[in-house]
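**Student:** Sharing a model prediction with you, sequence too.
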Amino acid sequence: MMNTADIANAYLRDLDIDTTTEPLELIKQLQSRHIAKYSFNSLAVLMKQTIDIDYESVFTKIVKQGRGGYCFEHNKLVFETLNQLGFDVRILMARVVYNQDIDSPRTHRITLFTLNNEQYIVDCGFGHFGARYPLKLEIGLEQELGDACYRIIQNSKNEYCYQIIKDGAFFTLFTFDLGRYDESDCLLGHFYSHKYPKAGFVNNLVVCRKEFNDIRSLRNHEFHRIQNYETEVTAIDSSSHLKTLLMDEYNIDIDSAVSTFFYENFVKVKQGQ
């Protein structure tokens, strides 16, 4: 078993992070490099694999094995590493709403980072629409974060709304509050997200990497490549095509039987075949 210091150091080395860098710049580098290198995906969920979310397990799966994961894995890795570095961080839980007024469970883990009495949301686990850099928690402040504009507002319920400009208007991705949450809350949200039959990750093939000005987003039967604010959409037409995309675009090597399983059960189903 690795100790927490060894895990943090290995993760930071893998991202080529200089720990003497000024704290906010360090976290900006960490978030942008993390989402560019490690894929956000639902593969293990769809394969009904055991997904452990302790620090060593998520490090092994994401960094050593290159298999990626989803928010309870990515943001656990980030949180524990920042905590190991001595930063002021705590867990927050969010409700994914996609601009709807719906009753949604807290199934998204994020990190609240505080520096010099200013607060930031650090999130390396939201896929396509996730921010490239930490978002300052200042109500109404519009923030250009590399390749998209974000802000945080409050709604009539006094919840914070994490928003991105989408199709010319602000769009709420998720809501959150500043309540006290711990790992037991994450375990509950994680269990729902990968076990509940109607959960989004249980029913959709999702894979994403966000390099600068180059977003590679695969959802079920389509692969989207977004560069210079233009999107090229490619239909996935075979299990071998899917396997090639996973290998070439996400560095995920799976065998042909697994790619066939994904293709038959998620790609073809979403195509209506």
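**Tutor:** Thanks, I have the structure now.

**Student:** Can you report phi and psi for V267?
**Tutor:** phi -70, psi -60 (degrees, to the nearest 10).

**Student:** Does it touch L218 like I think?
**Tutor:** No. V267 lies out of contact with L218 (Cβ atoms under 8 Å); the separation is 9.6 Å. To be clear about C-beta, it is placed using only N, CA and C from the backbone, and glycine gets the same treatment.

**Student:** Now do the shared contacts for these two.
**Tutor:** 205, 236 (Cβ atoms under 8 Å, 6 or more residues apart in numbering).

**Student:** those helices in the stretch 151-273 of the chain, which residues are they?
**Tutor:** Ranges of helices in the stretch 151-273 of the chain, per DSSP state H, counting those that start in this stretch, are 183-195, 200-203, 239-250, 256-262, 268-271.

**Student:** elements contacting the longest one?
**Tutor:** Helix 183-195 makes packing contacts with helix 43-46, helix 71-84, strand 88-96, strand 106-115, helix 200-203 when contacts are defined by 3 or more Cβ pairs under 8 Å, 6 or more residues apart in numbering; DSSP states H and E.

**Student:** let's go with 7 Å and repeat that
**Tutor:** On a contact count with 3 or more Cβ pairs under 7 Å, 6 or more residues apart in numbering; DSSP states H and E, helix 183-195 meets helix 71-84, strand 88-96, strand 106-115, helix 200-203.

**Student:** Of those, which is nearest L188?
**Tutor:** Counting by Cβ to Cβ, L188 lies closest to strand 106-115 out of these; the figure is 8.2 Å.

**Student:** what's the angle from that closest one to helix 71-84?
**Tutor:** 20 degrees (axes from the mean of the first three to the mean of the last three Cα atoms, to 10 degrees).

**Student:** List just the one of the helices and strands packed on helix 183-195 that sits closest to F170.
**Tutor:** Evaluated over the helices and strands packed on helix 183-195, closeness to F170 peaks at strand 88-96, with 16.2 Å, by Cβ to Cβ.

**Student:** Can you give the strand pairings for the closest one, parallel or anti for each?
**Tutor:** strand 106-115 (antiparallel), strand 169-176 (antiparallel) (DSSP bridges).

**Student:** right, so the ones you listed: which one is the most enclosed?
**Tutor:** strand 106-115 (a mean of 22; mean count of other Cβ atoms under 10 Å).

**Student:** and that strand, how far from the chain's centre?
**Tutor:** 12 Å (Cα atoms, centre = their mean, to the nearest Å).

**Student:** Thanks a lot, catch you later.
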